[in-house]
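**Q** pasting the sequence and the predicted model now:
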Amino acid sequence: QGNMAFTGKYEFEGDENYDEFVKKIGLPSDKVEMGRNCKIVTEVVQNGNDFTWTQHLPGGRTTTNSFTIDKEADMETMGGKKFKATVKMENGKLVADFPNYHHTAEISGGKLVEISTSSGVVYKRTSKRIA
């Protein structure tokens, strides 16, 4: 895997359980439509334990979270909600607890695979590497 395993640019490829998941976390319906099959491009810069994680949404909106493994950081959800989280590294996966779901991210087969779990609903998003 190496240290810079996450660095790259990834484009949304597909997801599973989107509707059920966004209902569980109470996403407003306008945001639900915006996020459905949204060609989000995720850009990750990893420098040792320091990460900058940027999501580019269609229409020029971006969300950027910077964090260091095992240190509390100020984060923002795609819905714009601010919160504090400590991201951990477990078996090559990034693991974090968001306000109402548990999130993991890993590089698997050259793809960025993100899994969010809320009250038993598992939402999986896969993005392919484009740079």
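**A** On my side now, so go ahead.
**Q** pull out the buried positions in stretch 28-46.
**A** Buried residues in stretch 28-46, defined by neighbour count with 16 or more other CB atoms under 10 Å: 34, 35, 38, 40, 41, 42, 43, 44, 46. The way it works is simple: take the backbone N, C-alpha and C, and place the C-beta from them, glycine included.
**Q** want to throw those into TSV with pLDDT and secondary structure?
**A** Below are the buried residues of stretch 28-46 laid out as TSV (pLDDT from 0 to 100; DSSP: H, G, I helix; E, B strand; the rest coil):
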residue	pLDDT	secondary structure
34	78	helix
35	80	helix
38	77	coil
40	91	coil
41	95	strand
42	96	strand
43	97	strand
44	97	strand
46	95	strand
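**Q** farthest-apart pair in these, please.
**A** 34 and 46 (27.7 Å; CB to CB).
**Q** nearest residue to the middle of the chain?
**A** Nearest to the mean C-alpha position of the chain, by CA atoms, centre = their mean, lies residue 114 at 5.9 Å.
**Q** helix or strand for that one, which one?
**A** strand 111-118 (DSSP states H and E).
**Q** residues in contact with the least confident helix or strand in the chain by mean pLDDT?
**A** One helix or strand of the chain scores below all others by mean pLDDT, DSSP states H and E: helix 29-35, with a mean of 82. With contact meaning CB atoms under 8 Å, 6 or more residues apart in numbering, helix 29-35 is reached by 18, 19, 22, 27, 57, 78, 79.
**Q** what does stretch 112-119 give?
**A** Counting by CB under 8 Å, 6+ apart, 6, 8, 10, 21, 24-25, 42, 44, 98, 100-107, 122-129 sit against stretch 112-119.
**Q** now with 7 Å, please.
**A** Stretch 112-119 is contacted from outside by 10, 21, 24-25, 42, 100-106, 122-127, using CB atoms under 7 Å, 6 or more residues apart in numbering.
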